[in-house]
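In: Predicted structure and sequence below. I'll ask about it afterward.
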Amino acid sequence: MAKAAQIHAPFGAVATLRVVDAVLSVKTDLVAWNKARKTRNILSTLSDRQLDDIGLTREDVAKF
């Protein structure tokens, strides 16, 4: 029966990877938040009739 290879990384490499993953996660969250903010701002400038034309309400805009 074959043994599975065990890979050991130095502690510093693991810690560095975790920090990089955390930073990338924060960046991803900020990009998503900013995109939603821009969408909300643009949609909030439309009239109720324009929102109705695209199938949205003011309540829908507030959810973005």
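Out: Structure received.

In: Which positions in the biggest helix by length in the chain come out as buried?
Out: Criterion DSSP state H: the longest helix present in the chain is helix 11-44. For helix 11-44, the neighbour count (16 or more other C-beta atoms under 10 Å) marks Leu43 as buried. (C-beta placed from N, C-alpha, C; glycine too.)

In: what's near enough to touch Asp60?
Out: Leu51 (C-beta atoms under 8 Å, 6 or more residues apart in numbering).

In: And it, how close does it get to Lys35?
Out: Per C-beta to C-beta, to the nearest Å, Asp60 is found 16 Å from Lys35.

In: quick one: pLDDT of Met1?
Out: Looking at Met1, its pLDDT stands at 53.

In: And for the one 4 residues further on?
Out: Predicted confidence (pLDDT) for Ala5: 66.

In: go on, Ser25?
Out: pLDDT at Ser25 comes out at 98.

In: pLDDT-wise, which helix or strand of the chain ranks last?
Out: Using mean pLDDT, DSSP states H and E, the weakest-scoring helix or strand in the chain turns out to be helix 58-63, at a mean of 91.

In: Of all the residues in that one, which ones are buried?
Out: By neighbour count on 16+ other C-beta under 10 Å, the buried set for helix 58-63 is Val61.

In: centre of the chain versus that helix, how much separation?
Out: 19 Å (C-alpha atoms, centre = their mean, to the nearest Å).

In: Ok, stretch 55-63 next?
Out: Remark: stretch 55-63 is offset 20 Å from the chain centroid, using C-alpha atoms, centre = their mean.
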